[in-house]
Each structure stands twice: as C-alpha cells, then as structure tokens.
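> starting from these lines, generate the structure:
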Amino acid sequence: MSNPKGSSSKAARPHSAGRAIFWLIGPGRSFLVLGVLIALGAAATVGAWPEIQRLVHGNQNLWLLPQNIAINAPPAWIKSDVRAEVVRDAGLGRPISLVDPQLVVRVRNAFSLHPWVARVVQVTKQHPARVQVVLEYRRPVAMVEVPGGLYPVDAEAVLLPSADFSALEASRYPRVSGIAHASLGSVGAVWADVRVQGAARIAAVLMEDWTLLGLQTIKPAIRGDNTLSLAGCSYELFTPRGTRIVWGHAVDASSGEVAAAEKLARLKRLVAGGASLDGAGGPRDIDIRLPGDAVIVPRTALIPAPGATE
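Okay, the predicted model is just below:
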C-alpha cells in the first residue's frame with residue numbers, strides 16, 4: 001500500500017517546476033527571456049572572438065594583396081602605370097583585410113589623388129579578396145608652351161604628367177602660346193593662369209578637328225601678366241603660315257559673340273572640299289566672332305581683336 005504522504009510529496013515537485021516555468025515564460029516575461037538569450041549569445045561571441053580573429057587572419061581569401069587591385073584599362077595617351085603608382089604612393093603595398101570597414105574609402109581616396117584620374121566612379125569588393133576600381137581618366141587637349149618646355153593640360157586646365165608624351169606626340173596637340181610665366185603649380189592641379197584655363201576650353205572644342213583645320217597655336221589676345229577674369233580673356237588662332245583667326249572669348253555668350261560650336265562650324269565650312277584657311281593669296285585675318293558670315297580680310301588690313309596690345 002502506497003504512502004499517501006509520499007505520493008503527495010512526489011506530486012508537488014512537478015507542480016512546483018511548472019510554476020517556475022510559467023513564471024519564466026508567463027505574461028510580461030518575454031522580454032526577460034529575450035534579454036537572457038542575448039546576454040548568453042554576446043558572452044559566447046566575446047569568448048569566441050579570439051578564435052574568429054585567428055580564422056580571419058589565417059584565411060588568405062580575406063586578405064587583399066596589391067596585385068589583386070584591378071582598374072579599367074587606361075586610354076592610349078596614358079603611358080604611366082596608374083595602378084602601380086597609386087599602390088606605391090598610397091601605401092597599399094601591404095595586405096589589407098577584406099572585412100576592414102575603411103577598405104573601400106581608403107582605395108577610393110588613394111586613386112582620386114592620381115593626376116590622371118578625373119573621378120573614381122566605383123570601388124567594388126569581391127571574394128576571394130579582390131577590389132575592382134572603375135576610373136574616369138583625364139584627357140589631354142593642349143600643350144602649353146612656356147620657357148622650359150611644353151606641358152599638357154586637360155579641358156579644365158589641370159596639369160598632366162608631361163613624361164607620358166614624346167616630342168612627336170606632343171606636336172599633335174593644340175599648342176597654347178603667349179604664356180610668359182610658367183605658374184605651373186603641382187601636377188594634377190588646375191593651372192592658376194586664367195588665360196591657360198580659357199585656352200584649354202577652346203582647345204577642347206577644336207581638338208578633334210585641329211589637323212583638318214590646319215591650325216598651329218592658340219594665343220591670348222592680351223599679352224603680359226594675368227590680370228583678367230576667365231570671362232574677360234579673348235583669343236586668336238594661328239596657322240603655320242600666319243593666318244590669324246579672331247576667335248574671341250572662351251566663355252560662350254560673351255560680348256554678343258556666337259557660341260563656340262558655331263565658331264567651329266564656320267571654320268569647317270571654310271576648309272570644306274580641301275580648302276585652306278590660308279587662302280590662295282597667302283596669310284589673312286578671319287573674324288568668326290559675331291553673328292553673320294565670317295569676315296575675311298587680307299593681311300594688309302589687320303582686324304583689331306578686343307583688348308589686343310602689342
């Protein structure tokens with residue numbers, strides 16, 4: 001015969017356990033359970049962190065090596081090894097963890113400083129460790145002639161690496177002359193002289209048709225020191241034989257002049273069918289600034305360019 005007292009004691013145990021469980025998961029206790037689980041998970045993570053670090057450090061697929069930084073191919077006019085120069089100058093020669101949160105920013109900033117890079121379009125991380133960088137490259141539009149040599153610039157008058165151009169290659173670009181002072185600044189920076197900035201704008205318009213038009217130089221109409229704003233600068237173009245084209249201002253809508261695109265169209269009409277800007281009678285002056293047809297005058301009667309001084 002069973003002991004009623006013992007039976008009562010055994011029955012009480014599961015009842016007490018049920019009450020404890022009910023207290024833990026009952027109404028209002030859900031957040032307590034969640035907090036306990038989070039705390040346990042955090043403790044486990046902290047405890048495992050040294051092991052995680054060891055695994056990451058030992059996984060070669062998570063370490064970016066310099067040879068695994070890839071860029072889109074530079075255009076033909078760039079002879080420099082852009083990728084190698086950025087790796088060298090920005091200290092990217094050591095392995096970098098792919099999980100480094102600053103990796104993309106670091107690579108982007110490094111490439112943005114190269115003088116041939118106009119803009120970093122995109123930086124993408126890949127696994128195994130590799131970074132693909134998409135760059136927008138600068139394009140040279142003119143060579144600026146100053147005492148000491150020729151210096152390439154882009155359409156924004158940014159000074160480009162001159163070592164990338166041979167003498168023959170440099171001769172194929174529009175030449176900006178009449179710049180007496182070589183206020184170069186650093187490679188990759190905008191040339192401070194606003195006359196160079198305006199000439200670079202004009203060269204960008206003419207570059208594709210430079211050879212067709214038979215042009216040689218772009219000159220500021222105002223000689224001497226750089227004292228004008230960009231909008232105040234006026235320019236002339238010259239052929240090798242001395243024909244002068246009065247281009248006018250580098251900024252459109254200045255002084256009632258026609259737009260740069262219309263000026264170019266007028267020059268192309270003058271050389272249509274194989275004709276020359278020089279004409280049969282030798283060097284002449286051609287004014288393409290104002291609305292209407294181009295004004296062509298023999299060299300014996302020079303056209304006064306705006307603000308021109310000798």
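
> okay, now the unreliable bits of the stretch 51-200 of the chain?
Counting by pLDDT under 70, the stretch 51-200 of the chain shows low-confidence ranges at 51-60, 182-183.

> so where do the helices sit in it?
82-89, 103-112, 167-171, 194-206 (DSSP state H, counting those that start in this stretch).

> for the first one, name the packing helices and strands.
For helix 82-89, the helices and strands in contact under the criterion 3 or more Cβ pairs under 8 Å, 6 or more residues apart in numbering; DSSP states H and E are strand 69-71, helix 103-112. From N, CA and C alone the C-beta is placed, and that goes for glycine too.

> re the thing from before, I'd like the helices of the stretch 51-200 of the chain as JSON lines, with distance to residue 133 and mean neighbour count appended.
Output for those, formatted as JSON lines (distance: least, Cβ to Cβ, whole Å; neighbours: other Cβ atoms under 10 Å):
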{"stretch": "helix 82-89", "distance to residue 133": "8", "mean neighbour count": "16"}
{"stretch": "helix 103-112", "distance to residue 133": "6", "mean neighbour count": "17"}
{"stretch": "helix 167-171", "distance to residue 133": "26", "mean neighbour count": "12"}
{"stretch": "helix 194-206", "distance to residue 133": "26", "mean neighbour count": "24"}
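
> distance to residue 299 for those helices - can I get that in TSV?
Shown next, in TSV, are the helices of the stretch 51-200 of the chain (distance: least, Cβ to Cβ, whole Å):
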stretch	distance to residue 299
helix 82-89	47
helix 103-112	49
helix 167-171	26
helix 194-206	22
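
> counting neighbours, what do you get for the spatially closest residue to residue 259 that is not a sequence neighbour?
The spatially closest residue to residue 259, leaving aside those adjacent along the chain, is residue 252, at 4.7 Å (Cβ to Cβ, 6 or more residues apart in numbering). By other Cβ atoms under 10 Å, the residues close to residue 252 number 14.

> isn't residue 252 right next to residue 260, touching?
Yes - using Cβ atoms under 8 Å, residue 252 is in contact with residue 260, at 5.8 Å.

> hmm, who's touching stretch 115-123?
By Cβ atoms under 8 Å, 6 or more residues apart in numbering, the list of residues contacting stretch 115-123 from outside reads 74, 78, 80, 82, 104, 107-108, 111-112, 131-138, 154, 158-161, 187-188.

> before I go, just wanted to say thanks for your time.
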